[in-house]
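# Okay, predicted coordinates and the sequence, questions at the end:
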Amino acid sequence: MKTLLLLRHAKSSWADDTLDDFDRPLALRGMKAAPRMGRELTWRDWLPDAALVSPARRTVQSWNLVAAELPETPQVEFCKELYEASAEQVLDELRKTAGAIRTLLVLGHNPGLGDLAKQLAAPASDALALKQLDEKFPTAALARLVFDAGWADLRLGTARLTHCLRPKDLDQGP
């Protein structure tokens, strides 16, 4: 069984309109949400063996805040192909994952991540998770999918979406 964690970067700042999109930092709200999602991963024991992270400033900052909350930092690859990637491009990148990796976290951007989560979700997915994913995949949202195939064999409609976690929906614990 493989687990795919699709995590959208936390809320970014638009305060400096002279910055290129790639260089936008996290906003204060993002700096609070990212470690919250890291604690949630730890609390639920959804610990990644590896992470693919877009090299954009806001995704790297999100990763650093998430990783600081994990008991161990997994191997991480900063993958330039994830910046502004479509669902198909993200899928192409995660299909390159080594077979020994059981849980992969991909930290990137919308619309690619949200679209990919929807496209991978099989009919047997959790109804509430599908509904939440359909409503919106906001900043710092996490989609968890499980499947039986290897990474290279992952196909659309073949993974079971088990959870769609959004920071606003989480209670105050852990």
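Cool, got the structure.

# For residue 97, the count of nearby residues, please.
The local packing of residue 97 (other CB atoms under 10 Å) involves 20 other residues. Every residue, glycine included, has its C-beta placed from N, CA and C.

# That one and residue 151 touch, don't they?
Yes. Between residue 97 and residue 151 there is a contact at 4.0 Å, judged by CB atoms under 8 Å.

# What distance do you get for residue 99 to residue 86?
25 Å (CB to CB, to the nearest Å).

# Spit out the residues that contact residue 97 and residue 151 alike.
Residues touching both residue 97 and residue 151 (CB atoms under 8 Å, 6 or more residues apart in numbering) are residue 104.

# Tally up the residues packed near the nearest residue to residue 124 once chain neighbours are set aside, please.
Take residue 124 and drop its neighbours on the chain: the residue closest to it by CB to CB, 6 or more residues apart in numbering is residue 160, 5.4 Å away. Other residues near residue 160 come to 18 when the count uses other CB under 10 Å.

# Is residue 160 in a helix, a strand, or coil?
Under the three-state scheme (DSSP: H, G, I helix; E, B strand; the rest coil), residue 160 adopts strand.

# What are the neighbouring residues in contact with it?
Counting by CB under 8 Å, 6+ apart, residue 160 makes contact with 121, 122, 124, 125, 126, 145, 146, 147.

# Thanks a lot, catch you later.
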